[in-house]
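Q: My questions are about this predicted structure, shown below with the sequence.
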Amino acid sequence: MARIVWKAKNLVTLKLRDDLYTIAQMEDGSIMRCFNIFNDNGAWHDLDLNNIRQLFRVYVGRVVNQKLAVCRITEPL
């Protein structure tokens with residue numbers, strides 16, 4: 001797995017358990033914004049995050065990025 005560098009506005013896929021993934025957005029100050037969207041494979045297509053409800057914003061430590069973040073989302077959703 002490639003190292004994911006923290007950069008505000010980057011989107012990442014978080015693996016919550018073997019069959020549950022979600023999307024989070026990095027913000028300044030080690031804050032991560034989590035969205036109310038989930039699937040079982042971590043593949044995202046044809047999404048507009050402006051239409052997906054934000055669940056919460058939370059301060060996170062490096063371990064979240066190292067252990068939960070599977071990949072950076074680089075293509076438009």
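A: On my side now, so go ahead.
Q: I'd like to know which helix or strand in the protein has the lowest mean pLDDT.
A: Of all helical and strand segments in the chain, the minimum by mean pLDDT, DSSP states H and E falls on helix 62-67, at a mean of 86.
Q: What residues of that one count as buried?
A: Along helix 62-67, the positions that meet the burial threshold by neighbour count (16 or more other Cβ atoms under 10 Å) are 64, 65. Heads up, the C-betas are built off the backbone N, CA and C, glycines and all.
Q: What lies in contact with it?
A: Taking contacts as Cβ atoms under 8 Å, 6 or more residues apart in numbering, the residues outside helix 62-67 that touch it are 4, 6, 12, 14, 32.
Q: residues in contact with the last one?
A: Taking Cβ under 8 Å, 6+ apart, we find residue 32 in contact with 24, 25, 26, 57, 58, 59, 60, 64.
Q: In ChimeraX, select just the buried ones from the contacts of helix 62-67.
A: In ChimeraX, this line selects whichever of the contacts of helix 62-67 come out buried by 16+ other Cβ under 10 Å:
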select :4,12,14,32
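Q: In TSV: the contacts of helix 62-67, plus secondary structure, distance to residue 44 and pLDDT.
A: Listed next are the contacts of helix 62-67 as TSV, based on DSSP: H, G, I helix; E, B strand; the rest coil; distance: Cβ to Cβ, whole Å; pLDDT from 0 to 100:
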residue	secondary structure	distance to residue 44	pLDDT
4	coil	16	87
6	coil	20	92
12	strand	11	96
14	strand	12	96
32	strand	17	97
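Q: which of the contacts of helix 62-67 lies closest to residue 75?
A: Taking Cβ to Cβ as the measure, residue 75 sits nearest to residue 12 out of the contacts of helix 62-67, at 13.1 Å.
Q: quick one on the thing from earlier: now find how far off-centre the least confident helix or strand of the chain is within its chain.
A: In terms of Cα atoms, centre = their mean, to the nearest Å, the centre of helix 62-67 is found 12 Å from the chain centre.
Q: how about stretch 47-55: buried residues?
A: Buried residues in stretch 47-55, counted by 16+ other Cβ under 10 Å: residue 49.
Q: where exactly do the strands run in this structure?
A: Chain-ordered strands for the chain, with DSSP state E as the definition, fall at 11-17, 20-27, 31-39, 54-59, 69-73.
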